[in-house]
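Novice: With the sequence up front, the predicted model follows.
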Amino acid sequence: MTDPRTHLIGLLLGTETDWPAAFEKLAANIGTLSMPDGSAHRLTTERITIEPFSLRSVRRYDAVIDRLAWWYSNPREWLKKSLIMDDVYLINNPFTFQSMEKHTAYAAMIRLGIKVPETVLLPYKNPLEHEKWTYTSAQYNQPFDLDAVAESVGYPMYMKPFDGGAWRGVSRISNPEQLHKAYDESADMLMHLQASVDGF
């Protein structure tokens, strides 16, 4: 076996501490990976800092897991530079934020066969104030029974924004009263109802 090639994975983080520590430990425990062609590979991790950067700086990372650029412009521009100029592989590509929403992630996970709790996207409680939306809504939005939708998901459940982030607008729902209160308060946020998983 040849000497292992080291691959540096950068972690671009916000306030979370639990999963980064777990990921770093898992990466360290993997050790050396032996491939069928005889090559060997080793993963290392590093938490990325936010600081001035030159557009001509040389890449250090083979891959970056981004958990911050949605919220913060400086690292988003660093990621764009790294993708365009350095061929860094990005998990959470800043050019495709719309595809990073929880809704898209759930759909992708279901397609891949990953277990996702029953999830339903609800229409807006308060539709957008836009003349075209008003017309479209009047013509095509079907009335629905929120209680019946909730029964199909099953109590307890969570109501949360389809795009998510930082537990904004998340409610744990245990009964119809909480359901209607949370939906009324969702206002112009587009919400999911998602079944709870035992133990959480």
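Specialist: On my side now, so go ahead.

Novice: can you pull the buried residues of stretch 118-129?
Specialist: Using 16 or more other C-beta atoms under 10 Å as the test for burial, stretch 118-129 gives Thr119, Leu122, Lys125. Any C-beta I mention is one placed from the backbone N, CA and C, and that applies to glycine too.

Novice: Turn those residues into CSV, columns for secondary structure and pLDDT.
Specialist: As requested, the buried residues of stretch 118-129 are arranged in CSV below (DSSP: H, G, I helix; E, B strand; the rest coil; pLDDT from 0 to 100):
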residue, secondary structure, pLDDT
Thr119, strand, 93
Leu122, coil, 90
Lys125, coil, 87
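
Novice: Make a markdown table out of those residues and add distance to Glu77.
Specialist: Converted to a markdown table, the buried residues of stretch 118-129 look like this (distance: C-beta to C-beta, whole Å):
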| residue | distance to Glu77 |
| --- | --- |
| Thr119 | 33 |
| Leu122 | 35 |
| Lys125 | 35 |
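
Novice: Ala40: which of these is nearest?
Specialist: Ranked by distance to Ala40 (C-beta to C-beta), the buried residues of stretch 118-129 are led by Thr119 at 41.0 Å.

Novice: Among the buried residues of stretch 118-129, find me the one that's closest to Val149.
Specialist: Of all the buried residues of stretch 118-129, Val149 sits closest to Leu122, with 7.1 Å by C-beta to C-beta.

Novice: Do I have it right that that closest one meets His192?
Specialist: Yes - with contact defined as C-beta atoms under 8 Å, Leu122 and His192 form a contacting pair (7.2 Å).

Novice: Mind listing the shared neighbours of these two?
Specialist: Common neighbours of Leu122 and His192, using C-beta atoms under 8 Å, 6 or more residues apart in numbering, do not exist here.

Novice: Beyond the lowest-mean-pLDDT helix or strand in the chain, next helix or strand please.
Specialist: Across the helices and strands of the chain, mean pLDDT, DSSP states H and E gives its lowest value to helix 131-140, namely a mean of 72. Using DSSP states H and E, the helix or strand that directly follows helix 131-140 along the chain is helix 146-153.

Novice: So which elements touch that next one?
Specialist: strand 119-121, helix 176-186, strand 191-195 (3 or more C-beta pairs under 8 Å, 6 or more residues apart in numbering; DSSP states H and E).

Novice: which one of the ones you listed lies closest to Leu68?
Specialist: Among the helices and strands packed on helix 146-153, strand 191-195 comes nearest to Leu68, with 23.0 Å by C-beta to C-beta.

Novice: List the pairing partners of the closest one within its sheet, with orientation.
Specialist: Applying DSSP bridges, strand 191-195 is found paired with strand 119-121 (antiparallel), strand 157-161 (antiparallel).

Novice: As a check, name the ranges of all strands in the chain.
Specialist: Using DSSP state E, the strands found in the chain span residues 5-12, 32-34, 40-47, 63-66, 89-91, 119-121, 157-161, 171-173, 191-195.
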